[in-house]
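> coords please:
(one chain, ligands or ions: 2)
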Amino acid sequence: MSLLFVGGSPEFVRECKAAAARHGAKVGGEAASPYDVYILVDKVKPDGVLLPSHPEWTNVAIDLARVRPNTLIFVSGPVNASTWARMSEARIYSVPADPEQAVKACVTALGRLNPQRFRLDDIEVKPPEVASTQRAVPVTARTLVVYSDKGGAGKTTVAENLAALMGMWAREQERAAGTPCRVALLDFNLDGSTGLYTWFALGDDRRPKTAILWEDFTEDTLQWSAVAGAMNYHEGANVYYLAPPQTADEKVRFGRDLASRIVEGCQKFFHFVIVDTGVALKDRDPILVALAKATDVLLVCRFEYKDMRLLASAYRQELGRILDPARTGMVLNRVRPTWFTVSDFVAAFSREAGAAVPLKGELPEEAALGDKESQVSGQPFVCVRPDSPFTRSMCLLARNILGVDIGITARPKTGLMEKVRALFSKNRQKR
Ligand SMILES: Nc1ncnc2c1ncn2[C@@H]1O[C@H](COP(=O)(O)OP(=O)(O)OP(=O)(O)O)[C@@H](O)[C@H]1O
Ligand SMILES: [Mg+2]
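Ligands and ions are numbered 1, 2, ... in the order given. Predicted coordinates for the structure are as follows:
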């Protein structure tokens, strides 16, 4: 459920609250005057703030977007051209004047942007620990491209959680072996559907670094310091992340050449490169480049008969010609009990596609993926719920790809009570 903060006249606030209840959002706070907004927003920490389009409120909205880049700001009602320009620059959403429609638009926008966002601000990062059985083991470097021909199949979920798992594992490898082992997550969603970057206003220093920063790099001068400077580092998951192109101009510039430069550059400096893609292959040169340079292509398919048939027909007509069968595997997502089993599903796919694609992993339906905890903390799900069935399945998927076990465990709690308990249990043992 999205948490909104609403400002404006008492009638506007009242109507928005009623609309929020109808659209499954919660109004966690309200302000009658612009002066109260900043303090109250910090108290409530909402996902979104909805304000009316009166000039005194739009100024607050623009200011708020600048100082709180991780909160989405919405302005309800018409504004003049110059305010519109300032609002667009601050990445503020303009929504209809009618409270019902305004709230509906807010809820849709907030829903579209989660949960795939790594938050790069000052949240306390407490990643789980990699199972202690894991010692330094040699594994070959991999470039994994996560692809599906259908939106919403779970590509981003797979890509970001796999990146996080491998990132945490890589950190242990670095510690044990004393040599760098790094993971890059490249976001090649050219339409920006992942939405992470939307949380950063233009001009904000923390705005995620996008592909364009790689434009100046040439192969022979490429240094790790330059690469690190052109990537966003997420400490919790130990992943270097590259956001998709942001502006129209960046999208134009992000073509075949730049994509090759990025993938090849990353292959030089990262042990694992994971590429999250958008759906269509048509006019998507960077995705084709990534597929061509991949050591593994993961085709993500929902555990739905209809989706399987669509993927099989895309495979027969197009994908099968582009992809190397030896490097391609399938990941079934949202597997749940049905009248057909996973092996029925895979067999039916082979029949329809005219080729066998090995199953690399099956991920269960995980209701908690949509939970507030994982969405709002900005951490990949495997970090938030290391002991969930979904995380265990992700570990198995990673094992099938890498050939080594990756297990993660929740970090032991270190609160005061736990320390006292630990102290007492030690004393008892001594006696
Ligand atoms: N195993 C699962 N159980 C429950 N929900 C899931 C599961 N996998 C993905 N989802 C949810 O489905 C939605 C779509 O997933 P995701 O964004 O990963 O798909 P996608 O293929 O990247 O979509 P797009 O094509 O828009 O980029 C998300 O809200 C995600 O939380
Ligand atoms: Mg996606």
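
> From now on I want contacts and neighbour counts done on CA atoms only, so please keep to that.
Fine.

> got the contact list for stretch 86-95?
When contacts are defined by CA atoms under 8 Å, 6 or more residues apart in numbering, stretch 86-95 is touched by residues 61-62, 65-66, 72-77, 101-102, 105-106, 198, 201-202.

> ditto for stretch 305-316
Contacts made with stretch 305-316 from outside it, assessed by CA under 8 Å, 6+ apart, are listed as 148-150, 301-302, 321, 345, 349-350, 352-355.

> Please indicate which of the contacts of stretch 86-95 are buried?
61-62, 65-66, 72-77, 102, 105-106, 198, 201-202 (16 or more other CA atoms under 10 Å).

> just checking, which of these belong to strands?
The strands in this structure, assigned by DSSP state E, contain 72-76 from the buried ones among the contacts of stretch 86-95.

> Between these, which sits nearest ligand 1?
Taking CA to the nearest ligand atom as the measure, ligand 1 sits nearest to Leu72 out of these, at 17.9 Å.

> Quickly list what the closest residue to the closest one other than its chain neighbours is bridged to.
Once its chain neighbours are removed from consideration, Leu72 has its nearest residue in Gly48; the separation is 4.6 Å (CA to CA, 6 or more residues apart in numbering). Counting by DSSP bridges, Gly48 is bridged to Leu4, Leu72.

> Same check on Thr409?
On the basis of DSSP bridges, Thr409 takes part in beta bridges with Glu129.

> so it makes contact with Val130?
Yes: counting by CA atoms under 8 Å, Thr409 does reach Val130; the two are 6.2 Å apart.

> Of the two, which one has the most company?
Val130 (21 against 16; other CA atoms under 10 Å).

> Can you tell me the closest non-neighbouring residue to Ala61?
Residue nearest to Ala61 in three dimensions, not counting chain neighbours: Ile73, with 6.5 Å by CA to CA, 6+ apart.

> Hmm, I typed the wrong one, I wanted Ala164.
Nearest residue to Ala164 in three dimensions, chain neighbours excluded: Ala237, at 4.6 Å (CA to CA, 6+ apart).

> can you confirm Ala184 is in a strand?
Yes: with DSSP: H, G, I helix; E, B strand; the rest coil as the criterion, Ala184 is part of a strand.

> about what we covered before: from the contacts of stretch 305-316, list the buried ones, please.
Looks like these have 148-150, 301-302, 345, 349-350, 352-353 buried, using 16+ other CA under 10 Å.

> can those go into TSV with extra columns for pLDDT?
As requested, the buried ones among the contacts of stretch 305-316 are exported to TSV (pLDDT from 0 to 100):
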residue	pLDDT
Ser148	93
Asp149	88
Lys150	88
Cys301	97
Arg302	96
Phe345	94
Phe349	96
Ser350	95
Glu352	95
Ala353	95
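
> So what's the residue count around the residue nearest to Leu72?
Neighbour count of Gly48, defined by other CA under 10 Å: 22.

> was I right about it contacting Lys26?
No: counting by CA under 8 Å, Gly48 sits too far from Lys26 to count as a contact (10.4 Å).

> overlap in contacts of the two?
When contacts are counted by CA under 8 Å, 6+ apart, Gly48 and Lys26 are jointly contacted by 2-4.

> So which of those is surrounded by the most neighbours?
Counting neighbours by other CA under 10 Å, the top entry in the shared contacts of Gly48 and Lys26 is Leu4, with 30 neighbours.

> if I look at the closest residue to Phe270 other than its chain neighbours, how far off is ligand 1?
Ranked by CA to CA, 6+ apart and with sequence neighbours excluded, the top spatial neighbour of Phe270 is Arg182, at 4.8 Å. As judged by CA to the nearest ligand atom, to the nearest Å, Arg182 and ligand 1 stand 23 Å apart.

> what's the answer for Met231, then?
Distance from Met231 to ligand 1, counting by CA to the nearest ligand atom: 21 Å.

> do Leu165 as well
Remark: distance between Leu165 and ligand 1 (CA to the nearest ligand atom) = 16 Å.

> Can you say which helix or strand has that residue in it?
Leu165 is located in helix 155-177, with elements delineated by DSSP states H and E.

> Cheers, nothing more for now.
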